[in-house]
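S.K.: Structure, please.
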Amino acid sequence: MAGMISRSSNRPVPGGGNRGPLPPQPFGGGGGGGGRGDGDGVHGFRQQLQRYRLGLMFTIASIVMLFISFTTLFVARRGAGKFDPLTGAFQSDWAPVMLPVKILLINTAILLASCILVEVARRAARIESILVPMSTIPGVRPIRQTSPWWVWATTLTGIGFLFGQFRAWHQMHLDGAFLNSSPASTFVFLLTGAHALHLTAGLLVLLYAALATGPRRSLERRCITLDVTAWYWHFMAVMWVYVLLVLKLMD
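M.R.: Numbering: from 1, shown residues only. Down below sits the predicted model:
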């Protein structure tokens with residue numbers, strides 16, 4: 001019995017004198033997910049990420065249906081007109097709108113550049129959520145967090161895109177095209193305005209991700225937020241190209 005007690009007392013105790021403290025687990029490992037009920041460690045992080053991505057899919061589906069509805073109305077209205085009893089011909093009242101093509105192309109380049117920036121931010125946040133908690137271990141060099149800077153860069157380019165949209169609308173006003181001046185101009189402002197509104201929502205989420213710094217829980221939140229927002233941002237770039245193709249049909 002004494003021999004058994006002696007052997008059991010020599011077993012190493014985690015975090016005791018036989019070895020150093022255990023390193024922190026990435027993604028808030030230990031303690032049942034920080035008391036949030038979201039699982040433990042990487043498993044809990046993946047569950048949260050999957051839930052947010054599922055919500056993103058529903059959001060994208062609703063936006064796609066909205067723009068498809070706008071496009072259907074646009075095609076139907078473009079082909080509408082009235083019958084002229086004098087000539088016996090069908091006359092269309094659709095008048096094409098002169099678009100500020102140069103401004104729209106510059107806006108497209110700005111939006112594509114912001115997609116690159118937000119993708120860099122997403123990948124940096126994923127790495128930081130793993131490595132930054134490890135820097136609390138004595139002797140480990142602190143990890144510099146760069147994802148907020150990439151988020152701010154994306155935000156600035158997004159604001160630049162919206163500013164370019166206002167410039168395009170202003171140029172259309174100078175050319176005599178207003179929201180209710182003609183059916184064609186109505187659809188131009190409707191499509192570009194709806195896209196700008198949804199992009200503004202993505203900007204607000206980006207600002208939230210940039211300000212969520214500090215504790216490990218904030219690192220997890222930033223990682224999930226940037227992952228979902230980055231895919232949403234890429235989707236908005238695709239939708240912008242789609243809007244440009246629809247506007248091209250007005251010629």
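S.K.: Could you pull out the helices in the stretch 151-251 of the chain for me?
M.R.: With DSSP state H, counting those that start in this stretch as the criterion, the stretch 151-251 of the chain has helices at 183-211, 216-248.
S.K.: What score does residue 186 have for pLDDT?
M.R.: Residue 186 carries a pLDDT value of 91.
S.K.: That one: how many residues sit nearby?
M.R.: The tally of other residues near residue 186 (other C-beta atoms under 10 Å) stands at 18. Where you see a C-beta, it was placed from the backbone N, CA and C, and this is true even at glycine.
S.K.: In this structure it contacts residue 177, no?
M.R.: No: in this structure, residue 186 is not within contact of residue 177 by C-beta atoms under 8 Å, at 9.5 Å.
S.K.: and the helices of the stretch 151-251 of the chain, which is most packed in?
M.R.: helix 216-248 (a mean of 20; mean count of other C-beta atoms under 10 Å).
S.K.: Tell me what angle it forms with helix 183-211.
M.R.: 170 degrees (axes from the mean of the first three to the mean of the last three C-alpha atoms, to 10 degrees).
S.K.: looking at this protein, which helix or strand is least sure?
M.R.: helix 31-34 (a mean of 39; mean pLDDT, DSSP states H and E).
S.K.: What does residue 179 show for phi and psi?
M.R.: Torsion angles at residue 179 (phi, psi; degrees, to the nearest 10) stand at phi -60, psi -40.
S.K.: So, low pLDDT: which residues of this structure?
M.R.: For the chain, applying pLDDT under 70 flags the ranges 1-43, 81-90, 135-140, 212-217, 251.
S.K.: How are the strands of it distributed by residue range?
M.R.: Secondary structure of the chain, counting by DSSP state E: strands at 81-84, 89-92.
S.K.: wait, which of the helices of the stretch 151-251 of the chain is closest to residue 94?
M.R.: Nearest to residue 94 among the helices of the stretch 151-251 of the chain is helix 183-211 (6.1 Å), distances taken as C-beta to C-beta.
S.K.: what helices or strands is the closest one leaning on?
M.R.: Other helices and strands packing on helix 183-211, by 3 or more C-beta pairs under 8 Å, 6 or more residues apart in numbering; DSSP states H and E, are helix 41-78, helix 101-131, helix 147-174, helix 216-248.
S.K.: out of the ones you listed, nearest to residue 190?
M.R.: Nearest of the helices and strands packed on helix 183-211 (C-beta to C-beta): helix 41-78, 6.2 Å.
S.K.: Any buried residues in that closest one, and which?
M.R.: For helix 41-78, burial by neighbour count (16 or more other C-beta atoms under 10 Å) applies to 41, 44-45, 48-49, 52, 56, 60, 63, 67, 70-71, 74, 78.
S.K.: Can you tell me how far residue 103 is from residue 109?
M.R.: From residue 103 across to residue 109, the span is 11 Å (C-beta to C-beta, to the nearest Å).
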